[in-house]
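> pasting the structure only:
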């Protein structure tokens with residue numbers, strides 16, 4: 001069984017950066033004051049303005065155009081984007097954090113990158129589990145499944 005996630009992570013109060021600017025954006029509150037905005041095919045097309053754009057670093061779905069769109073709208077807010085893909089126990093994660101209208105941090109492909117992002121946002125792990133499990137990232141196996149929990 002696989003695990004596929006492509007999503008923005010932000011404070012709940014900042015989710016309007018997406019929902020006010022992109023009608024394909026859906027907000028999912030994930031706990032501890034954070035929201036997840038699933039990067040669906042529709043949101044990808046809308047944020048990419050339906051044009052071909054170069055990929056950012058080693059991301060599969062983050063393009064220069066999408067990053068420019070995010071940076072144009074976030075102001076001094078902190079926003080992250082994560083991708084995770086696993087199949088048969090093999091795979092990894094990659095992430096970027098933007099803040100103050102710039103790329104603050106790129107977390108290169110590897111393990112536990114979503115945990116690093118969540119820690120950066122101040123998530124406190126429950127006893128005996130990591131931040132990923134605390135916020136229920138294992139509840140859904142595919143990005144589109146998060147839409148069932150959307151506002």
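Received the coordinates, thanks. Computed from a predicted model, the values in this text were never measured in an experiment.
> what are the ranges of the strands in the chain?
2-11, 28-31, 34-38, 78-87, 90-99, 102-110 (DSSP state E).
> Select, out of the ones you listed, the one closest to residue 127.
Proximity to residue 127 (Cβ to Cβ) singles out strand 28-31 among the strands of the chain, at 15.4 Å. Every residue, glycine included, has its C-beta placed from N, CA and C.
> How far off centre is the closest one?
Averaging C-alpha positions (Cα atoms, centre = their mean, to the nearest Å) puts strand 28-31 12 Å from its chain's average.
> Just the mean pLDDT for it, thanks.
What strand 28-31 shows for mean pLDDT is 95.
> shaky segments in the chain?
Regions of the chain meeting the criterion pLDDT under 70 cover residues 151.
> Could you say which of the strands of the chain is packed most deeply?
Of all those, strand 34-38 has the most neighbours on average by mean count of other Cβ atoms under 10 Å, namely a mean of 24.
> Throw the strands of the chain into a markdown table and include distance to residue 48, thanks.
A markdown table is the format used below for the strands of the chain (distance: least, Cβ to Cβ, whole Å):
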| stretch | distance to residue 48 |
| --- | --- |
| strand 2-11 | 13 |
| strand 28-31 | 21 |
| strand 34-38 | 15 |
| strand 78-87 | 13 |
| strand 90-99 | 16 |
| strand 102-110 | 18 |
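> Those strands: which one's closest to residue 125?
Closest among the strands of the chain, once you apply Cβ to Cβ, is strand 28-31, at 11.6 Å.
> can you list contacts of the closest one?
If you take Cβ atoms under 8 Å, 6 or more residues apart in numbering as the criterion, strand 28-31 is touched by 9, 12, 35-38, 134-137, 146-147, 149-151.
> Also compute the angle for the longest helix seen in the chain relative to strand 2-11, please.
Taking DSSP state H as the criterion, the chain has its longest helix at helix 64-74. Using axes from the mean of the first three to the mean of the last three Cα atoms, to 10 degrees, the direction of helix 64-74 lies 30 degrees away from that of strand 2-11.
> who touches residue 85 in this structure?
Counting by Cβ under 8 Å, 6+ apart, residue 85 makes contact with 2, 3, 4, 5, 60, 91, 92.
> The fifth one contacts residue 81, correct?
No - Residue 60 is not in contact with residue 81 according to Cβ atoms under 8 Å; the separation is 11.3 Å.
> quick revisit: tell me the buried residues in the longest helix of the chain?
By neighbour count on 16 or more other Cβ atoms under 10 Å, the buried set for helix 64-74 is 65, 66, 67, 69, 70, 73, 74.
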